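**Student:** Build me a structure from this.
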Amino acid sequence: MGGWGFILYSDSGSTIYSIKAGNNQTYGYVNFDEFNNYKQVTIDADFVDTDLTDFPVKIHDNTGDLAYIQSDGSDISFWDSSNTTQYNHEIEYYNSTSGELITWVNVTDVSSSVDTTVWMYYNDSDGDYTVGHNPTLVWDSDFVVVYHMNDNDGGLTDSTTYGNDATENITNPPDADDYNQTGKIGYAVRYQGTGDSTQDGEHHHIPDIMTNAEWETGFTISIWVNLSNLDNYRTFVDFQKSSSTLLRMQDATYNSSFMTYDDASQFEWLDNIDMATDTWYHFSGSYNGSNDEKELI
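**Tutor:** Here you go, the predicted model:
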């Protein structure tokens, strides 16, 4: 499970991108008369460590400028700096009342040396322009599963081409009102329950998405987590290769960890990170096929 998405914000308050808006863009290779408005999104190269190809970039617009477009956000289109290449994008969240938009755009080239420009065109009054909303083309084959947690009820929809949708646990499914909770990015799902294992509380079943080869070569898991209490162990993600081999990311009573379990008696732990309640934490764990080669960020 590989790949990363680039989130355009900075906890330190630094500017990673800027947006400039205008009306009736009239140059380039696109029939811009179809769109009444545009925005220029500039990605600051200072925040990009290395050149990136076909990279999913998260763009969040909460200005209210998009409140008067099509109700499903279907008249938004993204293009490169020269307006010759249309980017595929996936809308994770759109509120037609407030105009807030969260979308992932597959930018074909993100430079680490010069700023990258992305043009966003919107407000196509007749809604007949092909806008490039192609979720499965945003995430390349290195992404085995992507859950945005924005389903209304039931399972979790995978945005990748693999279609690895997660299903509710039959015994302990999340309640209907556990869906569409406020998340760090868009929506989240609330899991309730007691005990020290995934089976003791509400959870979803992820399909068998990793082959033996991927266990040997490695993969990355990335999630956002917010705990309401620290009374018991809480397993965030649990992948199992066999009855005696698994990889787990969990909270272990006030601390988080990334660990593997190779036989009936051997646990290999990586890091303990102090956690607090009602705080969002971003965990990314990389496993390279060996207990000696794993990393928790």
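**Student:** Please count neighbours and contacts with C-alpha atoms only from this point.
**Tutor:** Will do.
**Student:** Do you know the pLDDT at Phe78?
**Tutor:** At Phe78, the model reports a pLDDT of 92.
**Student:** check contacts around the closest residue to it other than its chain neighbours.
**Tutor:** Spatial nearest neighbour of Phe78, chain neighbours left out: Met120 (4.6 Å); criterion: CA to CA, 6 or more residues apart in numbering. Neighbour list for Met120: Tyr38, Lys39, Gln40, Val41, Ile76, Ser77, Phe78, Trp79 [criterion: CA atoms under 8 Å, 6 or more residues apart in numbering].
**Student:** what's the helix or strand for Met120?
**Tutor:** strand 116-122 (DSSP states H and E).
**Student:** List the strands paired with that strand, with their directions.
**Tutor:** strand 37-43 (antiparallel), strand 76-79 (antiparallel) (DSSP bridges).
**Student:** what pairs with the residue nearest to Phe78 across the strands?
**Tutor:** Here Met120, judged by DSSP bridges, has bridge partners Lys39, Phe78.
**Student:** still on that earlier bit, and the strand holding Met120, what's its mean pLDDT?
**Tutor:** Strand 116-122 comes out at a mean pLDDT of 91.
**Student:** That one: which residues count as buried?
**Tutor:** Within strand 116-122, the residues scored as buried using 16 or more other CA atoms under 10 Å are Thr116, Thr117, Val118, Trp119, Met120, Tyr121, Tyr122.
**Student:** ok, which stretches of the stretch 151-297 of the chain are strands?
**Tutor:** For the stretch 151-297 of the chain, the strands defined by DSSP state E, counting those that start in this stretch cover 167-168, 181-182, 187-188, 204-205, 219-226, 234-242, 245-251, 255-261, 267-274, 280-287, 294-296.
**Student:** Those: lowest mean pLDDT?
**Tutor:** Across the strands of the stretch 151-297 of the chain, strand 294-296 gives the lowest mean pLDDT, at a mean of 46.
**Student:** hang on, the earlier thing: look up how far Ser222 lies from the residue nearest to Phe78.
**Tutor:** Per CA to CA, to the nearest Å, Met120 is found 28 Å from Ser222.
**Student:** CA atoms of stretch 71-79 as PDB?
**Tutor:** C-alpha atoms of stretch 71-79 as PDB (Å, rounded to 0.1, in the frame of the first residue of the first chain):
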ATOM      1  CA  SER A  71     -25.600  21.600  -6.600                       C
ATOM      2  CA  ASP A  72     -23.300  18.600  -6.900                       C
ATOM      3  CA  GLY A  73     -20.200  20.500  -7.800                       C
ATOM      4  CA  SER A  74     -20.200  19.000 -11.300                       C
ATOM      5  CA  ASP A  75     -19.100  22.200 -13.000                       C
ATOM      6  CA  ILE A  76     -15.600  22.500 -11.600                       C
ATOM      7  CA  SER A  77     -12.600  21.700 -13.800                       C
ATOM      8  CA  PHE A  78      -8.800  21.700 -13.100                       C
ATOM      9  CA  TRP A  79      -6.000  22.400 -15.600                       C
END
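**Student:** Give the buried residues for that stretch.
**Tutor:** Those would be Gly73, Ser74, Asp75, Ile76, Ser77, Phe78, Trp79, for stretch 71-79 by 16+ other CA under 10 Å.
**Student:** one step back: kindly provide the distance from the residue nearest to Phe78 to Thr160.
**Tutor:** 23 Å.
**Student:** JSON lines for the strands paired with strand 116-122, including distance to Ser112?
**Tutor:** As requested, the strands paired with strand 116-122 are exported to JSON lines (distance: least, CA to CA, whole Å):
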{"stretch": "strand 37-43", "distance to Ser112": "10"}
{"stretch": "strand 76-79", "distance to Ser112": "19"}
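**Student:** For Ser141, which residues are in contact?
**Tutor:** For Ser141, the contact set (CA under 8 Å, 6+ apart) comprises Thr160, Thr161.
**Student:** what helix or strand is it on?
**Tutor:** Using DSSP H and E, Ser141 falls outside every helix and strand.
**Student:** For it, give me phi and psi.
**Tutor:** Note on Ser141: backbone dihedrals following degrees, to the nearest 10 are phi -70, psi -20.
**Student:** and what of Asp153?
**Tutor:** According to degrees, to the nearest 10, Asp153 has phi -170, psi 160.
**Student:** contacting residues for it?
**Tutor:** Counting by CA under 8 Å, 6+ apart, Asp153 has contacts Ala176, Tyr179.
**Student:** can you check Pro174 too?
**Tutor:** Counting by CA under 8 Å, 6+ apart, Pro174 has contacts Glu168, Arg190, Tyr191, Gln192, Glu202, His203.
**Student:** per-residue confidence at the third one?
**Tutor:** The reference is to Tyr191. 85.
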